[in-house]
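[1] Prediction below, plus the sequence it came from.
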Amino acid sequence: MRPIDRRSVLAAAAAAALLPAVTPLRAGAANTPAMDALRAMMPPSQILFGTDYPFVPPAQTISQLAGLGLPADVVSAIGQNAAALFPRYRS
């Protein structure tokens, strides 16, 4: 039996629209390996900030996100994605 090529499986799932149009960035994803995997599958326009509140305070997730060293355009896109979905909460 051949080993499963996970990248091919993910690509096929994305092509079949099995992955959501916007992928939430949750507190558990605010680490380098998880973010690298997410960015390999989705463009910044498809990533949405979210938290695991009340289990993880939002401030902790924001701090972890800031510590990833993401390019400014990626961080900006993540914020703009949320603002586009929830315009009444824009600051």
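    Perfect, I can see it now. Numbering: from 1, shown residues only.
[2] Surely L65 is in contact with G50?
    No - using Cβ atoms under 8 Å, L65 is not in contact with G50, being 10.8 Å away. (Glycine included, C-beta is placed from N, CA and C.)
[3] Can you point out the buried residues in stretch 48-66?
    Burial within stretch 48-66, assessed by neighbour count using 16 or more other Cβ atoms under 10 Å, is assigned to 48-51, 61, 64-65.
[4] Need phi/psi at I47.
    phi -100, psi 130 (degrees, to the nearest 10).
[5] Run a quick neighbour tally on it.
    23 (other Cβ atoms under 10 Å).
[6] For it, give its distance to S76.
    Noted for I47: a distance of 11 Å to S76, by Cβ to Cβ, to the nearest Å.
[7] tell me which element the residue lying closest to A30 once chain neighbours are set aside is part of?
    The spatial neighbour of A30 that comes closest, neighbours along the chain excluded (Cβ to Cβ, 6 or more residues apart in numbering), is Q64 at 3.6 Å. If you go by DSSP states H and E, Q64 is part of helix 58-66.
[8] Helix or strand next in line after that helix, which one?
    Downstream of helix 58-66, the first helix or strand assigned by DSSP H and E is helix 72-85.
[9] May I see the buried residues of that next one?
    By neighbour count on 16+ other Cβ under 10 Å, the buried set for helix 72-85 is 74-75, 77-78, 81-82.
[10] will you turn the residues you listed into TSV that also has pLDDT and distance to A37?
    Converted to TSV, those look like this (pLDDT from 0 to 100; distance: Cβ to Cβ, whole Å):
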residue	pLDDT	distance to A37
V74	88	14
V75	86	18
A77	87	17
I78	83	16
N81	85	18
A82	80	21
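[11] Output the residues you listed as TSV; include the columns distance to R39.
    Below are the buried residues of helix 72-85 laid out as TSV (distance: Cβ to Cβ, whole Å):
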residue	distance to R39
V74	7
V75	12
A77	11
I78	11
N81	14
A82	17
